[in-house]
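> Sequence first, then the predicted structure:
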Amino acid sequence: MRAIVVSTPGGREALSLAEIDTPTPGPGQALVRVEAAGVNYIDVYQRTGLYKMPLPGRLGLEGAGVVEAVGPEVTSIAPGERVAWAAVPGSYASHVIAPVDKLVVVPEGVSPKTAAAVMLQGMTAHYLATSTFPLGPGDTCIVHAAAGGVGLLLCQLADHAGAFVFGTVSTPEKAALARAAGADEVIFYRDVDFAAEARRHTDGAGVHVVYDSVGKDTFDRSLAALQRRGMLVLFGQSSGPVPPFDPQRLAAAGSVFFTRPSLFDYTATREELSARAAQVFARIVEGALRVRVHAELSLADAAEAHRRLEGRETTGKLLLIP
C-alpha cells in the first residue's frame, strides 16, 4: 500500500509518499481500500506539530472507500460495503485499518467522493448549527470563511434553519458562492470591519452567534460583533492560535459565551456518530445540502493540497484520490 508519512513536524516538505506493507485487520477492525481522502486544516496542524501526533506517523483522518477485509468476530460490516469515516488516522493512503465503530455505511445516492468530502466538514457544520448553538428563525449569525468547506455547508444549514446569515469572504468569486449557499449579507473582511457591518445591519444589537474558524486574526472583532449574551464559537485557527485572554472580556462584551468545540466530542459515542452522519447524508440525498469539491489531487500531491489550503485558495473541499 501507499501512504503519506510525516517523520518530523515541519513545512509541506515534511510530507513524503511511502510504500509500506498492507496490514491485516485485527479484532474490531476493517481493512478499507480508500477511494477518496479528505484534506482538512487539522491535517496541517498535525503536520506542523501544532497538534501532536505520534511520529513517524501517517497523515489524514477522513475518507471513504470499500471494505476489503474484516478482523475476527466483526459482524457489523462486511467486505464489499461502502463506508466513510472522519476520525481514522492514516487516511492519506491507498488503504487504511479502521476501527469498525468509527465507520458509517454510505447510503445509495451518495458517491465515495461526496462522502469523503462531507464526513468531517459536514458533521462539523451540522453540530455547530444544531447542537453548539442551535439556530432557528430570527437568529443572526456570522460565518467566517463562508466560501470554505465548512463555511458553504454551514451557510446552507443556517439558511435552512431560518437564521439570517452574514458570511465573510475575501473575493467576489467567494462572495457569489456564499450567497448561493444562503448567506443573506456578504462582508468583504479585508475592506470593512465585519463587526461594525454586522451591527449596522442589526440596528446596533450585534449577532446571536459567530462561527469562527480563523482564530487569531478575527477573535477580537468576533467578540465585538456579539449581542448581549451571544456566543462566540471558535472551531478552528487557520490564522493561528488565539493568545491567552482575560475572561473579564466576556463580561465586558455583554456577558457573552465562548466555546472551543471539537467534532470528536460531538461524535463521541457510536450512536451520536451514526445519527449525525445519517442526518448529513439524508440532506444530501434529498438535495437540501450541496457539497462543493474544489479540486481532486493525487496522493503524491498532498503537499500541493496543503499549499492551496494554507494559501486560502480553496472554495469547498480538497480531495486526495489514491
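Cool, got the structure.

> Next one: residue 49 from residue 57, what distance?
Residue 49 sits at a distance of 11 Å from residue 57 (criterion: C-beta to C-beta, to the nearest Å). To be clear about C-beta, it is placed using only N, CA and C from the backbone, and glycine gets the same treatment.

> how about stretch 297-304: buried residues?
With burial defined by 16 or more other C-beta atoms under 10 Å, the residues of stretch 297-304 counted as buried are 297, 299, 301, 302, 303, 304.

> so what's residue 86 up against?
With contact set as C-beta atoms under 8 Å, 6 or more residues apart in numbering, residue 86 has these partners: 61, 62, 102, 119, 120, 123, 263, 267.

> what about the third one, how many neighbours?
If I follow you right, that is residue 102. Burial of residue 102, expressed as a neighbour count using other C-beta atoms under 10 Å, amounts to 18.

> One more: the second one?
Burial of residue 62 is recorded as 28 neighbouring residues (other C-beta under 10 Å).

> what's the nearest residue to it if we skip its chain neighbours?
Closest residue to residue 62 in three dimensions, ignoring its sequence neighbours and counting by C-beta to C-beta, 6 or more residues apart in numbering: residue 38, at 3.6 Å.

> Spatially nearest residue to residue 148 (excluding sequence neighbours)?
Residue nearest to residue 148 in three dimensions, not counting chain neighbours: residue 314, with 6.6 Å by C-beta to C-beta, 6+ apart.

> pretty sure that neighbour contacts residue 149?
Yes: taking contact to mean C-beta atoms under 8 Å, the distance of 7.1 Å between residue 314 and residue 149 places them in contact.

> Quick check: neighbours shared by the two?
When C-beta under 8 Å, 6+ apart defines a contact, the residues bordering residue 314 and residue 149 alike are residue 294.

> Between those two, tell me which one has more neighbours.
The residue with more neighbours, out of residue 314 and residue 149 and counting by other C-beta under 10 Å, is residue 149; that gives 30 against 20.

> Enumerate every residue touching the residue nearest to residue 148.
With contact taken as C-beta under 8 Å, 6+ apart, residue 314 is in contact with 148, 149, 294, 295, 308.

> hmm, 10 Å instead?
When contacts are counted by C-beta atoms under 10 Å, 6 or more residues apart in numbering, residue 314 is found next to 39, 145, 147, 148, 149, 174, 292, 294, 295, 305, 308.

> Kindly report the same for residue 222.
Residues touching residue 222, when contacts are defined by C-beta under 10 Å, 6+ apart, comprise 142, 144, 168, 194-195, 198, 207, 209-212, 214-215, 230, 232-234, 242, 253, 256, 258.

> Could you check the pLDDT of it?
At residue 222 the predicted local confidence, pLDDT, stands at 98.

> same check, this time on the one 3 residues further on
Reported pLDDT at residue 225 in the predicted model: 98.

> can you check residue 158 too?
Confidence at residue 158, expressed as pLDDT, is 98.

> Which element, helix or strand, includes it?
Counting by DSSP states H and E, the element that carries residue 158 is helix 149-161.
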